[in-house]
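*Asks:* Predicted model, plus sequence, below.
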Amino acid sequence: MIDNIVDITLLSLIAIHAIAIIRMRSLFAVVMLFGGFSFLSAGLFVVMDAADVAFTEAAVGAGISTVLMLATLALTYTPEEADKEEKAPTHKPWLPLGVVFITGALLIYGTYNLPGFGDPNAPSQLHVAPYYLGKSLSETGVPNVVTAVLASYRGFDTLGEVTVIFTAGIAVLLIIGGRRRVKPNIEKNGGDHEA
Amino acid sequence: MDMILGHYNYWMVIIIMMAGFYTVISRGNLVKKIVGLNIFQVSVFLLYISIGNVKGGATPIIETGVDLYSNPLPHVLILTAIVVGVATTALGLALVVRIKEAYGTIEEDDIHNQDQSL
């Protein structure tokens, strides 16, 4: 019962954060709210027995993402534009609201066939998970099943993940690295020339 | 009551997902669009972990005396997804910085106007 109460409270807080992010204009507040949103979801992962995911979400989702967003704000706004607010939307919100409500209604309709939350006989619980839980200690010698699956059974998956990060790192370096000397030129021309 | 408790997680996840989706399609500021994309991502993580949860199960670290664990497979998939997600976020933010240098703004409407007036 207490599990359900904590779960419902955290999910509601996360949803409130998401709505607040939509309504906020100040970009700094938006990024800070996003950090809170990530930390709350890390807490929810702990409640749902996913300790490794919670660590990663707290360190990478709440930490690195927030720092990257703050760095982007620092690079894209000069100190004179200190208010750092987004412009008021020029379009009426009805079309996106309609799209969002129709998609949401269809998805909620789709959940009626899903097995209930925490059902031990759900199909996802009966496929390879019992094998991993039963054999991983004797086959890999690692008591943490998540580590065993990540580094041993699905090691190639993790290798692919490292490739993705490496590619993204190279792409970021190519996009913004080593071109800092163009910047003063832009500030002089008020920003309306083609770089 | 069972129906509500059994599906509450899925419904809230969908509400959070739609909040992120709405931010992406209705807001013109590029940084805010990326925050919306991240909200969408986290909602998918929550959906996967909800599906992997077993009532009364323990964190999947093998210990004598414990015989019911949550499903470790969604945890592994989401660990990968979180790290790949931050890599795509970094790439998107780098593009935002580059767009600011080229156009002098990160508001989508202003960028469109500059493209039109060429």
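*Replies:* Right, received. Where do you want to start?
*Asks:* do you know how far A:Ala58 is from A:Ser41?
*Replies:* Using C-beta to C-beta, to the nearest Å, one gets 9 Å for the distance from A:Ala58 to A:Ser41. For glycine as for every other residue, the C-beta is placed from the backbone atoms N, C-alpha and C.
*Asks:* separation between the one residue in chain B that gets nearest to chain A and A:Thr76?
*Replies:* Taking C-beta to the nearest C-beta as the measure, the point where chain B comes nearest chain A is B:Gly104, at 2.3 Å. In this structure, B:Gly104 and A:Thr76 are separated by 10 Å, where distance is defined by C-beta to C-beta.
*Asks:* same question, A:Phe156
*Replies:* Taken as C-beta to C-beta, the spacing of A:Phe156 relative to A:Thr76 amounts to 38 Å.
*Asks:* what's the answer for A:Phe37, then?
*Replies:* A:Phe37 is 22 Å from A:Thr76, where distance means C-beta to C-beta.
*Asks:* Could you do A:Val128 as well?
*Replies:* A:Val128 sits 45 Å away from A:Thr76 when distances are taken as C-beta to C-beta.
*Asks:* swap in B:Asn71?
*Replies:* With distances taken as C-beta to C-beta, B:Asn71 is found 42 Å from A:Thr76.
*Asks:* Please apply the same query to B:Tyr103.
*Replies:* With distances defined as C-beta to C-beta, the gap from B:Tyr103 to A:Thr76 amounts to 11 Å.
*Asks:* buried stuff in stretch A:96-114?
*Replies:* Buried residues in stretch A:96-114, defined by neighbour count with 16 or more other C-beta atoms under 10 Å in any protein chain shown: A:Pro96, A:Val100, A:Gly104, A:Leu107, A:Leu114.
*Asks:* now swap in stretch B:52-71 and tell me
*Replies:* Under the neighbour-count criterion of 16+ other C-beta under 10 Å, stretch B:52-71 has B:Gly52, B:Asn53, B:Val54, B:Gly57, B:Thr59, B:Pro60, B:Ile61, B:Ile62, B:Tyr69, B:Ser70, B:Asn71 buried.
*Asks:* Out of those residues, list just those in strands.
*Replies:* When the buried residues of stretch B:52-71 are checked against strands using DSSP state E, none is located there.
*Asks:* Residue 16 sits in which helix or strand?
*Replies:* By default, I'm working from chain A. According to DSSP states H and E, A:Ile16 maps onto helix A:2-23.
*Asks:* look at chain B instead
*Replies:* Here B:Ile16 is covered by helix B:2-26, with elements defined by DSSP H and E.
*Asks:* Identify each buried residue in that helix, please.
*Replies:* Under the neighbour-count criterion of 16+ other C-beta under 10 Å, helix B:2-26 has B:6-24, B:26 buried.
*Asks:* Do that helix and chain A come into contact?
*Replies:* Yes: taking C-beta under 8 Å from any C-beta of the partner chain as the criterion, helix B:2-26 and chain A are in contact, through B:2-3, B:5-23, B:25-26.
*Asks:* where's that helix relative to the chain centroid, distance-wise?
*Replies:* In this view, helix B:2-26 has its centroid 12 Å away from the chain centroid, taken as C-alpha atoms, centre = their mean, to the nearest Å.
*Asks:* Which SSE is immediately downstream of the strand or helix carrying B:Ala102?
*Replies:* Counting by DSSP H and E, the secondary-structure element that holds B:Ala102 is helix B:72-103. Once helix B:72-103 ends, the next helix or strand along the chain (criterion: DSSP H and E) is helix B:108-116.
*Asks:* now what about that next one, what contacts it?
*Replies:* Contact partners of helix B:108-116, identified using C-beta atoms under 8 Å, 6 or more residues apart in numbering or on different chains, comprise A:Lys87, A:Thr90, A:Asp192, B:Gly28, B:Asn29, B:Leu30, B:Lys33, B:Ile99, B:Tyr103, B:Thr105.
*Asks:* Adding distance to B:Ile78 and neighbour count as columns, could you present those in CSV?
*Replies:* Written out in CSV, the entries for those read as follows (distance: C-beta to C-beta, whole Å; neighbours: other C-beta atoms under 10 Å in any protein chain shown):
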residue, distance to B:Ile78, neighbour count
A:Lys87, 35, 15
A:Thr90, 37, 9
A:Asp192, 44, 10
B:Gly28, 31, 19
B:Asn29, 28, 23
B:Leu30, 26, 22
B:Lys33, 23, 20
B:Ile99, 30, 16
B:Tyr103, 36, 20
B:Thr105, 36, 19
